[in-house]
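Q: need the 3D shape of this:
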Amino acid sequence: MLDIKFLRENPDVVKENIRKKFQDSKLVLVDEVIELDRKSRAAQQEADALRANRNKFSKQIGALMAQGKKEEAQEMKKKVTEQADTLQKLQEEEVKLQEEITKRMMVIPNIIDPSVPVGRDDSENVEIERFGEPVVPDFEVPYHTEIMEKFSGIDLDSARSVAGNGFYYLMGDIARLHSAVISYARDFMIDRGFTYCVPPFMIRSNVVTGVMSFAEMDAMMYKIEGEDLYLIGTSEHSMIGKFIDTMNKEEDLPYTYTSYSPCFRKEKGAHGIEERGVYRIHQFEKQEMIVVCKPEDSRIWFDKLWKNTVDLFRSLDIPVRTLECCSGDLADLKVKSIDVEAWSPRQKKYFEVGSCSNLGDAQARRLKIRVKGKNGKYFAHTLNNTVVAPPRMLIAFLENNLNADGSVSIPAALRPYMGGKEFIK
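A: As a prediction, the model looks like this:
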């Protein structure tokens, strides 16, 4: 959510930002907010004047009573009563106006970074850099579920009977590989100075609306019937929520966490052959990175975060590339985002395995995550990035480490988590 003062003083900047995100239907919201804000401030000024008069009259009434001038004091009391009714109406008007302002401000997109390329959707994202040499083997690479089935490692039919499409049973060495990747990613991030955390897997509605846009909420979140609770779509949600309504010491920043959680997503609109199997699913596990820092440090941390993911995938012999998300592909709260994509030898293309985002002070402003520094109080900046999200990551792992005889090589970094195994056969 933008600072109302910034919008008031820079309406043209806010409108141009909306145009860059191809959300022209929201342009009218800027003028509506400015007009509502004008009315709200006028009502507040009038209310403040009445409060000042009330205090002045109260003192005068006391003085008149002390002088025995009861009739004059009674007349003064009538004026106070009349003004109290007006004050009450003004206060109610202020509340309504602020609600209307907030409702509009919550859907006006955050100001994107000047470096973000302008584009309508993910088809216009821009490749930045490749890491590792993509290889296409001289043997056929089966679909990922076929690889898993050869190891008796997945059961989608039983999962459909139990929970429906978008769920799975992982078993045997594939299940062990899944857990090994999560454990390795956890230790990888701990070794880089991040504090390990297991957060709540459900959050309240005020946290949901604090960490994401309404459009994302509708497309992703599962609501717990009869309770003010939602299943998290990523541990970013509860980790950023950890700081709701807090005043943090500047010298304690940055907070750097790596969090584990199961994740639950509706995945509205998922379709197509590459979204079968375990690519788009309703339930998965993930290791995440979270940073809460000073505004001037957020760009530095943004680069550190996505590089962590690249380094992790390269340590497992998986080629990756980074993509700069264009303006139209950015969620409304994001300032800048980079996707990490892994190489798929079967598809002969890259596919998304993680996303790194800088949200500026958008989440902090909504959740009131404040910092007390030498020069006063301000809102923190928040960032998040996927360390690894199996079983999607397993697709890249299995395809890139598959051998001609059907076995899968285990990179040296992962062997301690696989009981020392060098291959899955």
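Q: OK, contacts around the closest residue to Phe167 other than its chain neighbours?
A: Closest residue to Phe167 in three dimensions, ignoring its sequence neighbours and counting by CB to CB, 6 or more residues apart in numbering: Ala159, at 4.2 Å. (Glycine included, C-beta is placed from N, CA and C.) Taking CB atoms under 8 Å, 6 or more residues apart in numbering as the criterion, Ala159 is in contact with Phe167, Tyr168, Tyr169.
Q: so who does the first one touch?
A: Yep, that's Phe167 we're talking about. Shown here is Phe167, whose contacts under the criterion CB under 8 Å, 6+ apart are Ala159, Arg160, Ile281, His282, Gln283.
Q: quick check: buried residues in stretch 115-128?
A: Val116, Gly119, Asn125 (16 or more other CB atoms under 10 Å).
Q: who does His381 bridge with?
A: His381 forms beta bridges with Cys293, as assigned by DSSP bridges.
Q: and Gly376, what are its phi and psi?
A: Backbone dihedrals for Gly376, given as degrees, to the nearest 10, come out at phi 120, psi -170.
Q: need the pLDDT of it.
A: Per-residue pLDDT puts Gly376 at 96.
Q: and Ala73, by the same measure?
A: For Ala73, pLDDT reads 61.
Q: do the same with Ala66
A: Looking at Ala66, its pLDDT stands at 67.
Q: ok so, going back, show me the contacts of Ala159 that map onto strands.
A: Members of those lying in strands (criterion: DSSP state E): Tyr169.
Q: show me the contacts for Ile232.
A: Listed by CB under 8 Å, 6+ apart, the contact set of Ile232 reads Pro199, Pro200, Phe201, Met202, Ile203, Ser238, Ser261, Cys263, Phe264.
Q: just put the contacts of Phe167 in a markdown table and tack on pLDDT, distance to Glu133 and secondary structure.
A: Supplementary listing: these in a markdown table, determined by pLDDT from 0 to 100; distance: CB to CB, whole Å; DSSP: H, G, I helix; E, B strand; the rest coil:
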| residue | pLDDT | distance to Glu133 | secondary structure |
| --- | --- | --- | --- |
| Ala159 | 92 | 36 | helix |
| Arg160 | 90 | 38 | helix |
| Ile281 | 89 | 30 | coil |
| His282 | 91 | 35 | coil |
| Gln283 | 92 | 34 | strand |
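Q: farthest pair within those?
A: The most widely separated members of the contacts of Phe167, counting by CB to CB, are Arg160 and Gln283 (13.2 Å).
Q: what about the stretch 151-300 of the chain, any weak spots by pLDDT?
A: Low-confidence regions of the stretch 151-300 of the chain, defined by pLDDT under 70, span residues 268-276.
Q: so the nearest residue to His144 once chain neighbours are set aside versus Ala342, what's the distance?
A: Closest residue in space to His144, ignoring its immediate chain neighbours: Ile395 at 4.4 Å, by CB to CB, 6+ apart. Applying CB to CB, to the nearest Å, the value for Ile395 to Ala342 is 8 Å.
Q: again with Ala364
A: When distances are taken as CB to CB, Ala364 and Ala342 turn out to be 31 Å apart.
Q: do the same with Phe397
A: Going from Phe397 to Ala342 by CB to CB gives 9 Å.
Q: okay, and the common contacts of those two?
A: Shared contacts of Phe397 and Ala342 (CB under 8 Å, 6+ apart): Ile318.
Q: re the thing from before, next, format the contacts of Ala159 as CSV and append distance to Asp405.
A: As requested, these are arranged in CSV below (distance: CB to CB, whole Å):
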residue, distance to Asp405
Phe167, 31
Tyr168, 26
Tyr169, 26
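Q: ok, the contacts of Ala159 vs Phe351, which is closest?
A: When the contacts of Ala159 are compared for distance to Phe351 (CB to CB), Tyr168 comes out closest, at 18.1 Å.
Q: look up the closest residue to Tyr255, ignoring the ones flanking it.
A: Leaving aside its sequence neighbours, Tyr255 is closest to Val292 (4.3 Å, by CB to CB, 6+ apart).
Q: how many residues are close by the one you found?
A: 26 (other CB atoms under 10 Å).
Q: hang on, isn't Ser235 packed against Phe284?
A: No. Ser235 is not in contact with Phe284 according to CB atoms under 8 Å; the separation is 11.8 Å.
Q: okay, the two: which has more neighbours?
A: Taking Ser235 and Phe284 together and counting by other CB under 10 Å, Ser235 has the greater number of neighbours (27 against 22).
Q: can you give me the pLDDT of Met1?
A: Checking the pLDDT column for Met1, the value is 86.
Q: okay, now it: neighbour count?
A: When counting by other CB under 10 Å, one arrives at 21 neighbours for Met1.
Q: wait, it sits on Leu367?
A: No. Taking contact to mean CB under 8 Å, the distance of 10.0 Å between Met1 and Leu367 leaves them out of contact.
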